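*Asks:* coords please:
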Amino acid sequence: MAAPIPAADPSVVLPSPIPYANADIPPDATRLRDLSPQQWKSGAAAWLGWLFDGLDIHLYTLVAGTFVAALLAAPPGSAAVNEKSAFIQAGFLVGWAVGGAVFGRLGDLLGRSRALSLTILTYALFTGLSFFVTNWQQLMGCRFLAALGIGGEWAVGSALLAETWPAKWRAWLAAVLQTGVNVGILIACVAFYVMADARTVGLLRHVIPTLPADYYLRAVFLIGIVPAGMVFWIRRHVPEPEAWALAKAAEDGRVAAGGSRVAPPGLADLFRGPVRRTTLLTAAVCATSLTGWWAFLFWYVQHLTRLPSVAGWSAADKDQLKTAVFFLVIGVSVGGNFFAAWVARRVGYRNAIAGLFVLFAAAIVGAYCVPRTHRELIPWLAAVGFCSGVFGLFTMYLPPLFPTLLRTTGAGFAFNVGRLVAAAGTVVFALGLAKVEFRTALLCDGLLFLPAAAMMLLMPDLRDPTTARR
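*Replies:* Next up, the predicted model:
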């Protein structure tokens, strides 16, 4: 067992980083019917939160080039549109990182269920308000504020699941949870595809003759309001995890017995004792890999519509192509989630993540090492989507690395440092387009997964109980 972590107050000792199967996790169930009502409710709340995260995250990605061009009254694909689109996406990623830190802290202080409700209300409200923006600065502001809730939901929801569900099921649980994100993205794709369809536009114009031609670029954001209704169910039916409640009660009991109240462990404690090395390594891995993924995810659809084989298409046809390919990439990633879980159960989380990062790099290099038509690119893009299942493993891998009262703070901080770096990377990518072509930039982006894989091998080798070493 590692040495205790010094706290801000020298008289307080924090628990060591927890082992993967430990006393604050409920006894393992062997069958689904053995799960308690609390476990089912916590799982449903987290999965739905992930679903709506995926929905709200990618609404902007689907409309970015066309919508920003309309706000700027500039042609799609122009330097101004690329630059402002990148700034808006960077603002979103910064908000995601800040939200992970803020709501992650609230998750440790107020409880997982309460903080989860606040995150959902935040991203639902500001995604819906994006419908009313009149310039790119307002859109960036709404995306930043919506991202506060989306980033917080990851940190809080992952800790909620890590503290309530059986440890030996966690690899599969991570896959199911990540599938919630995929389903949310697919719902966004379907909704956008239908709204952008010429038949839908024609039908609505019979009812609303003054319907703007770009109505579908705005209306897609109204879908983001739907998650707000889930908050009432969470507050009534999802209790706080026993692990958090016991840790909180122990602190309150000590105060009631005459002890002085000590400030709860905070961000500084992530950089003390044995936790420091894990914090720094995790932040570095997340920063490198998330920069590679988000730069690809945002820019590959922009590259797709600028290919010579697509150049003569109408704007609406290009939008529908983007949506269809995006649907394919995310749909394939559902299989990738379960493949990543299968690998993790056999070789452990560390080795599975490192190996999948190498495959990630190979898929992106394969896609962009030579010029390809949009049809030739599609199988390679599907391979990239399949490899993205690796990120589902982070949900169950990161939280157990940190002590109970630092769990959402630690996981949120480390993962969200990656988002901050990814925000900068998205802007750097946009500025680099003035000097190199899209394909070259995307090729270089894919290589980022190689140092991420190397650093991952230095991380703790956590395994589910069924795959633990003897």
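*Asks:* okay but K168 is in contact with D464, surely?
*Replies:* Yes - K168 is in contact with D464 according to Cβ atoms under 8 Å; the separation is 5.1 Å. For the C-beta atoms, the positions are set from N, CA and C on the backbone; glycine is no exception.
*Asks:* stretch 166-178: how far from the chain's middle?
*Replies:* Relative to its chain's centre, stretch 166-178 lies at 16 Å (Cα atoms, centre = their mean, to the nearest Å).
*Asks:* state the phi and psi torsions of T305.
*Replies:* phi -80, psi 0 (degrees, to the nearest 10).
*Asks:* hang on, I meant P460
*Replies:* Per-residue torsions, P460: phi -60, psi 140 (degrees, to the nearest 10).
*Asks:* now it: how far from A171?
*Replies:* Using Cβ to Cβ, to the nearest Å, one gets 16 Å for the distance from P460 to A171.
*Asks:* repeat for G335
*Replies:* If you measure G335 against A171 using Cβ to Cβ, the figure is 15 Å.
*Asks:* out of the two, which sits in the more crowded spot?
*Replies:* Taking G335 and A171 together and counting by other Cβ atoms under 10 Å, A171 has the greater number of neighbours (26 against 16).
*Asks:* secondary structure element for the residue most central in space within the chain?
*Replies:* Averaging the C-alpha coordinates of the chain gives a centre point, and the residue nearest to it by Cα atoms, centre = their mean is W154 (6.6 Å). When secondary structure is defined by DSSP states H and E, W154 falls within helix 136-162.
*Asks:* hang on, the earlier thing: burial of the residue lying closest to the residue nearest to the centre of the chain once chain neighbours are set aside, as a residue count?
*Replies:* With Cβ to Cβ, 6 or more residues apart in numbering as the measure, G100 is the residue that lies nearest to W154, at 6.2 Å, once sequence neighbours are left out. Other residues near G100 number 33, with proximity taken as other Cβ under 10 Å.
*Asks:* need the next SSE after whatever helix or strand L177 lives in, C-terminal direction.
*Replies:* Here L177 is covered by helix 170-196, with elements defined by DSSP H and E. Taking DSSP H and E as the definition, the helix or strand that follows helix 170-196 towards the C-terminus is helix 198-207.
*Asks:* give the buried residues for that next one.
*Replies:* Applying a neighbour-count criterion of 16 or more other Cβ atoms under 10 Å, one finds nothing buried in helix 198-207.
*Asks:* other SSEs contacting the next helix or strand along the chain from it?
*Replies:* Along the chain past helix 198-207, the next helix or strand (assigned with DSSP H and E) turns out to be helix 215-222. Using 3 or more Cβ pairs under 8 Å, 6 or more residues apart in numbering; DSSP states H and E as the contact criterion, the neighbours of helix 215-222 among helices and strands are helix 37-72, helix 112-129, helix 170-196, helix 198-207.
*Asks:* how does it look with 7 Å?
*Replies:* If contacts are counted by 3 or more Cβ pairs under 7 Å, 6 or more residues apart in numbering; DSSP states H and E, helix 215-222 sits against helix 37-72, helix 112-129, helix 170-196.
*Asks:* tell me where the stretch 251-400 of the chain is predicted with low confidence.
*Replies:* In the predicted model of the stretch 251-400 of the chain, residues 251-266 satisfy pLDDT under 70.
*Asks:* if we can go back for a sec, and the helix holding W154, how far out from the chain's middle?
*Replies:* 9 Å.
*Asks:* same thing with stretch 196-203?
*Replies:* Averaging C-alpha coordinates over stretch 196-203 and over its chain gives two centres that are 32 Å apart (Cα atoms, centre = their mean).
*Asks:* stretch 319-338 now?
*Replies:* A distance of 16 Å separates the C-alpha centroid of stretch 319-338 from that of its chain, computed with Cα atoms, centre = their mean.
*Asks:* buried set for it?
*Replies:* Judged by neighbour count (16+ other Cβ under 10 Å), stretch 319-338 contains these buried residues: 319-323, 325-338.
*Asks:* now, those residues that are in helices?
*Replies:* If you go by DSSP state H, those have 319-323, 325-338 in helices.
*Asks:* quick one, the host helix or strand of A295 and helix 37-72 angle?
*Replies:* Assessed by DSSP H and E, A295 sits inside helix 275-304. An angle of 50 degrees separates the directions of helix 275-304 and helix 37-72 when computed by axes from the mean of the first three to the mean of the last three Cα atoms, to 10 degrees.
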